[in-house]
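S.K.: got a predicted model here, sequence first, then my questions.
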Amino acid sequence: MFRLVLIIPNFILSALFVAHNSNDAPELYLPSVLFLSVSLLVNFCIAINAIYKGIKNPVIVNNFKEWDKKHQSLVAILIILAVTDYGYLTILKDVPMFMKKYEQINIFNLFMHISGAAITWGAFLDIFFRNIPQIIIQVSVFIVII
């Protein structure tokens, strides 16, 4: 849970780097914006896909749709937060605990599997589309400045 608290400052610092420091090396501005935009788009697609799979799954469809309709604002906030980092999808694993029919352990396991797959893919793609390029660009800017 502590990791989730650190995601927003990480995103803010990444966006501030792109907005302010990438101007120090103009040739790196476009790659900085591109990598940040691609990572946000990928995270958005992963979040939408995880929620869509939860809605379309025949086993958990009624429970999840009921929860989704009841907590639409929470789902919207979750999607916005998941755009900044896939890690917020871990909240989806806990959704069945807040449902009335928590006894249905198979539904719980299935939903954990759906959101777990999204989190795994998010981690993999986040490393290659955001973290590695971000490190390369920041080191390149540091070298250009020196």
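M.R.: Received the coordinates, thanks. What you are looking at is a predicted structure, and each value in this text was computed from that prediction instead of being measured.

S.K.: ok, residue 27 to residue 17 distance?
M.R.: 16 Å (CB to CB, to the nearest Å). Backbone N, C-alpha and C define where each C-beta goes, glycine included.

S.K.: neighbour count: these two, which is higher?
M.R.: Neighbours were counted for residue 27 and for residue 17 using other CB atoms under 10 Å; residue 17 has more, 16 against 10.

S.K.: what strand or helix carries residue 141?
M.R.: Per DSSP states H and E: residue 141 is located in helix 132-145.

S.K.: only alpha carbons, please: show that helix as CSV.
M.R.: Written as CSV, here are the backbone C-alpha positions of helix 132-145 (Å, rounded to 0.1, in the frame of the first residue of the first chain):
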residue,chain,number,x,y,z
ILE,A,132,14.2,2.5,-19.1
PRO,A,133,13.7,5.4,-21.6
GLN,A,134,13.2,7.8,-18.7
ILE,A,135,16.6,6.8,-17.2
ILE,A,136,18.3,7.0,-20.6
ILE,A,137,16.8,10.5,-21.3
GLN,A,138,17.6,11.8,-17.9
VAL,A,139,21.2,10.6,-18.0
SER,A,140,21.5,12.0,-21.6
VAL,A,141,20.3,15.4,-20.4
PHE,A,142,22.7,15.3,-17.5
ILE,A,143,25.6,14.5,-19.8
VAL,A,144,24.6,17.3,-22.3
ILE,A,145,24.3,19.8,-19.4
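
S.K.: by contact count, what packs against that helix?
M.R.: helix 2-20, helix 29-56 (3 or more CB pairs under 8 Å, 6 or more residues apart in numbering; DSSP states H and E).

S.K.: quickly compare these and say which is most buried.
M.R.: helix 29-56 (a mean of 17; mean count of other CB atoms under 10 Å).

S.K.: I'd like the mean pLDDT over that one, please.
M.R.: For helix 29-56, mean pLDDT is 82.

S.K.: so what touches the helix holding residue 141?
M.R.: Helix 132-145 has contacts (CB atoms under 8 Å, 6 or more residues apart in numbering) with 14, 17, 21-22, 24-25, 28, 31-32, 35-36.
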